[in-house]
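> Got a sequence here, can you model it:
(chains A and B)
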Amino acid sequence: MTLDFDVIARSLPYLWKGFQYTVQLTAIAALGGIFFGTLLALARLSSIKLLAYTAAGYVNLMRSVPLILVIFWFFFLVPLIVQGITGAERPPLMGAERTAIITFILFEAAFFCEIMRAGIQSIPKGQVYAGYALGLTYGQTMRTVVLPQAFRNMTPVLLTQLIILFQDTSLVYVISATDFVGAAAKVAQRDGRLVEMYLFVAFVYFVICFTLSQLVKILQTRIAIVR
Amino acid sequence: MNYHWNWGVFFQEVPGGGEYYWELIVAGIGWTLAVSVCAFLIAMALGSVIGTLRTTANPWLQSLAKGWVEFFRNIPLLVQMFLWYFVVPELIPPLKRWVIEVDPGTAQFMAAIVCLGLFTSARIAEQVRAGIQSLSSGQHLAGQALGLTTLQVYRHVLLPMAFRIILPPLTSESMNLIKNSSIALTIGLAELTFRAREMGEYTFNFFEAFTAATVIYIVIAMTVNRALAYVERKTAVPGFIAGESRQALP
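Numbers count the residues shown, from 1 in each chain, chains lettered A, B, ... in the order given. Okay, the predicted model is just below:
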């Protein structure tokens, strides 16, 4: 068989659009996931039992089911929820791309929650008492004392999770969203060039993820020295 | 939300098949378990070797093992699945002939277990390495002082302890493997998630099918978790923290 890597050059603009969506999805899911994950972590550590159990149940549910199944769930569930909120007559057409963003924010929140919980628990309890002794409220203690340190301690783990998330977004392929892999698969099937396309995709992912993971390692040693 | 639940759908017949939908789901569970078990065996065998190589003194073997881990870690599993199913047979002509001759289900199954096995082996290798490195160097030296060869030191001294230490992370890794096996649906393997989606598409009862799949995944995960916790208790060495955490202190 003959390899024709020209197919990559020809379809580069289309692949680039797919890649941009992958980056966009990763960024939004990371920001949303960290935000909701932190709230979930605070809920899990809350002294209000009902709140703690609900959060723990959500996190454990998300963590014991395959991501593909979660993507399928939300693909069919989100339009119904939106319909329920807006009171529309029929479920709105959401599009795979938008559904994927909502899915990943909610799914990643469970994983970021566990990271943030470990981060919060790594802060000595005395710091919380010191905050209260200064007259800070719960919200102020968390925002100005505990969370900044938790984020700092957990930065390498958060970044590693970000790399995993970047790889996991490729699974939106199963609902035919046009991310980087989706775009490459569409070109590969149209032109019958599966070998070249998938090798190229693997190469790009490897270069990006390998570089990022090495940077995280360097950062990890830097942080360790400062502390 | 106005969704009409219909749990009776599981006892309806699949059009043209003479089968019931619940049988479809059960067949899916079978494939999920078969893929997971086979991939786990491959992953344990390779992961133990690669992880051990990373702790040896030979720099060539060390970089080989490191390269292995980095390769499988930095490419999305979905893309690896495509590489094994679509790309590798194209590059190896005899394999390509075999794939054309054989039943498609067999080719999908082989690609899936090789893909998941190698992917998981890289992760298990890292755990094995961490387990060996967590042992004090005195253990290795004591083995040598007794006149054991390097191979014997690993076989009789280091690895038996290392495997006990890494049992908890190994448990979560095997649960990850079961979840990851759902990615095999992208190459057409009819495992649990595949069957749930198929049932949804035939009947439009998506949520019943997905609920069933979700509950089954949770049950499988909990069973594996309990089973390995039992192994952990049974293999615990008295006097070591790994075994004592579950026992009451005297």
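> and the residue nearest to residue A:86 when sequence neighbours are not counted, how many residues sit next to it?
Spatial nearest neighbour of residue A:86, excluding adjacent residues (C-beta to C-beta, 6 or more residues apart in numbering or on different chains): residue A:92 at 7.5 Å. Where C-beta positions appear, they are placed from N, C-alpha and C, glycine not excepted. Other residues lying near residue A:92 total 12 when counted by other C-beta atoms under 10 Å in any protein chain shown.
> before we move on, what about residue A:175?
Residues near residue A:175, counting by other C-beta under 10 Å: 19.
> okay but it is in contact with residue A:96, surely?
Yes. If you go by C-beta atoms under 8 Å, residue A:175 and residue A:96 touch, sitting 4.4 Å apart.
> shared neighbours of the two, anything?
residue A:75 (C-beta atoms under 8 Å, 6 or more residues apart in numbering or on different chains).
> how about the residues of chain A that lie near chain B?
A:1, A:61, A:64-69, A:72-73, A:76-77, A:80-81, A:83-84, A:167-168, A:170-171, A:173-174, A:181, A:185, A:194-195, A:198-199, A:201-202, A:205-206, A:209-210, A:213 (C-beta under 8 Å from any C-beta of the partner chain).
> Assign the residue nearest to residue A:86 to helix, strand or coil.
Secondary structure assignment for residue A:92 (DSSP: H, G, I helix; E, B strand; the rest coil): coil.
> For it, give its distance to chain B.
The spacing between residue A:92 and chain B, counted by C-beta to the nearest C-beta, to the nearest Å, is 13 Å.
> buried residues in the longest helix that chain B contains?
The residue-count maximum for a helix in chain B (DSSP state H) belongs to helix B:21-53. Within helix B:21-53, the residues that count as buried by 16 or more other C-beta atoms under 10 Å in any protein chain shown are B:21, B:24-25, B:28-29, B:31-32, B:34-36, B:38-40, B:42-44, B:46-48, B:50-53.
> What mean pLDDT does it get?
The average pLDDT within helix B:21-53 is 94.
> just for the chain, where's the confidence low?
If you meant another chain, say so; for now it's chain A. Where chain A drops to pLDDT under 70, the residues are A:1, A:225-227.
> oops, I was thinking of chain B
Where chain B drops to pLDDT under 70, the residues are B:1-2, B:240-250.
> So which bits of it are right by chain A?
So chain B meets chain A at B:1, B:3, B:70-71, B:73-80, B:82-83, B:86-87, B:90-91, B:175, B:179-183, B:185-186, B:193, B:196-197, B:200, B:206-207, B:210, B:213-214, B:217-218, B:221-222 (C-beta under 8 Å from any C-beta).
> For stretch B:12-22, which outside residues touch it?
Taking contacts as C-beta under 8 Å, 6+ apart, the residues outside stretch B:12-22 that touch it are B:9-11, B:23-24, B:199, B:202-203, B:209.
> Filter these down to just the buried residues.
B:9-10, B:24, B:199, B:202-203, B:209.
> thought residue B:142 was touching residue B:148?
No. Between residue B:142 and residue B:148 there is no contact under C-beta under 8 Å: 9.1 Å.
> Please, which helix or strand holds residue A:35?
In this structure, residue A:35 sits in helix A:12-44 according to DSSP states H and E.
> Show me which parts of that helix are buried, residue by residue.
By neighbour count on 16+ other C-beta under 10 Å, the buried set for helix A:12-44 is A:15, A:18-19, A:21-22, A:25-26, A:29-30, A:32-34, A:36-38, A:40-44.
> go on, stretch A:117-126?
So, applying 16+ other C-beta under 10 Å, buried residues of stretch A:117-126: A:117, A:119-120, A:123.
> cool, and stretch B:221-238?
For stretch B:221-238, the neighbour count (16+ other C-beta under 10 Å) marks B:221, B:224, B:228, B:232, B:236 as buried.
> Check the residues you listed against chain A and report the nearest one.
Nearest to chain A among those: residue B:221, at 4.6 Å, using C-beta to the nearest C-beta.
> The host helix or strand of residue A:53 - contacts with which helices or strands?
Assigned by DSSP H and E, residue A:53 belongs to helix A:49-64. Packing partners of helix A:49-64 (3 or more C-beta pairs under 8 Å, 6 or more residues apart in numbering or on different chains; DSSP states H and E): helix A:12-44, helix A:96-121, helix B:206-235.
> sec struct for residue B:56, please.
Relying on three-state DSSP, one would call residue B:56 coil.
> quick one: contacts for it?
B:62, B:150.
> Next, give phi and psi for it.
Torsion angles at residue B:56 (phi, psi; degrees, to the nearest 10) stand at phi -80, psi 170.
> ok, it to residue B:62 distance?
Between residue B:56 and residue B:62 the computed distance is 7 Å (C-beta to C-beta, to the nearest Å).
> Please apply the same query to residue A:168.
29 Å.
> Of the two, give the one with the bigger neighbour count.
Using other C-beta under 10 Å, the more surrounded residue of residue A:168 and residue B:62 is residue A:168, with 22 against 14.
> Can you give the distance of stretch B:72-87 from its chain's centre?
Relative to the chain's own centre, stretch B:72-87 is displaced by 15 Å; criterion: C-alpha atoms, centre = their mean, to the nearest Å.
> For that stretch, C-alpha coordinates in CSV please.
Output in CSV follows, covering the C-alpha atoms of stretch B:72-87 (Å, rounded to 0.1, in the frame of the first residue of the first chain):
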residue,chain,number,x,y,z
PHE,B,72,0.5,4.8,25.8
ARG,B,73,-0.1,7.6,28.2
ASN,B,74,-0.1,10.5,25.8
ILE,B,75,-2.4,9.4,23.1
PRO,B,76,-6.2,9.3,23.7
LEU,B,77,-7.5,5.8,24.2
LEU,B,78,-10.0,6.4,21.4
VAL,B,79,-7.2,7.2,18.9
GLN,B,80,-5.3,4.1,20.1
MET,B,81,-8.3,2.0,19.4
PHE,B,82,-8.5,3.3,15.9
LEU,B,83,-4.7,2.7,15.5
TRP,B,84,-5.1,-1.0,16.5
TYR,B,85,-8.2,-1.6,14.5
PHE,B,86,-7.8,0.5,11.3
VAL,B,87,-4.1,1.3,11.0
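> Not counting that stretch itself, show me its contacts.
Stretch B:72-87 is touched from outside by A:167-168, A:170-171, A:173, A:181, A:185, A:194-195, A:198-199, A:201-202, A:205-206, A:209-210, A:213, B:107-108, B:111-112, B:114-116, B:118-119, B:121-123, B:180, B:183-184, B:186-187, with contacts defined as C-beta under 8 Å, 6+ apart.
> Skipping adjacent residues, who's closest to residue A:151 in space?
Among residues not flanking residue A:151 along the chain, residue A:119 sits closest, at 6.8 Å (C-beta to C-beta, 6+ apart).
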